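S.K.: sequence first, predicted coordinates after that:
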Amino acid sequence: MKLTTVGAPALHVTETTVTRAEAPKVLEYNWGGFDMRWQLEAFGSVTRLTLWTNIGRRYVSMGAAGWHICFDVLDHLLGGTPLGRMVGPDAMKFGGWQRLHAEYAKQFG
């Protein structure tokens, strides 16, 4: 499978192998050395999206803060108030990133 960035300044394509696909509930693959698992499940009257990924202990609070912002951006997009693309260094410049990073650092040590 090829993963392609959307809205990036330059096209970036990453080749990966899907290790599990159970449409429409589960998708697993390895991306840049990280195992990724996306899962959809009914949760009351809504659908819950859960992401599992392996992040090195040294970077877990940074990664958690980054993914938190990614999900906030997705929530705004789905809610009709898109924030635009926010990844990597741009996400770290976002006002709430430092607070999220500090809070996750407390949780994960």
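M.R.: Yep, that arrived.
S.K.: show me where this protein has helices.
M.R.: 60-78, 88-93, 97-108 (DSSP state H).
S.K.: which one of those helices has the poorest average confidence?
M.R.: Lowest mean pLDDT within the helices of the chain: helix 88-93, a mean of 77.
S.K.: which other residues reach that one?
M.R.: Here helix 88-93 makes contact (Cβ atoms under 8 Å, 6 or more residues apart in numbering) with 65-66, 69-70, 97. C-beta here means a position set from N, CA and C on the backbone, and glycine is covered the same way.
S.K.: which of the residues you listed sits closest to Q39?
M.R.: Q39 has its nearest neighbour among these in C70, at 15.8 Å by Cβ to Cβ.
S.K.: residue contacts, the spatially most central residue of the chain?
M.R.: Nearest to the geometric centre of the chain sits W67, at 4.1 Å (Cα atoms, centre = their mean). W67 sits next to 51, 53 when contact means Cβ under 8 Å, 6+ apart.
S.K.: swap the cut-off to 10 Å and go again
M.R.: Counting by Cβ atoms under 10 Å, 6 or more residues apart in numbering, W67 touches 51, 53, 55, 91, 100, 104.
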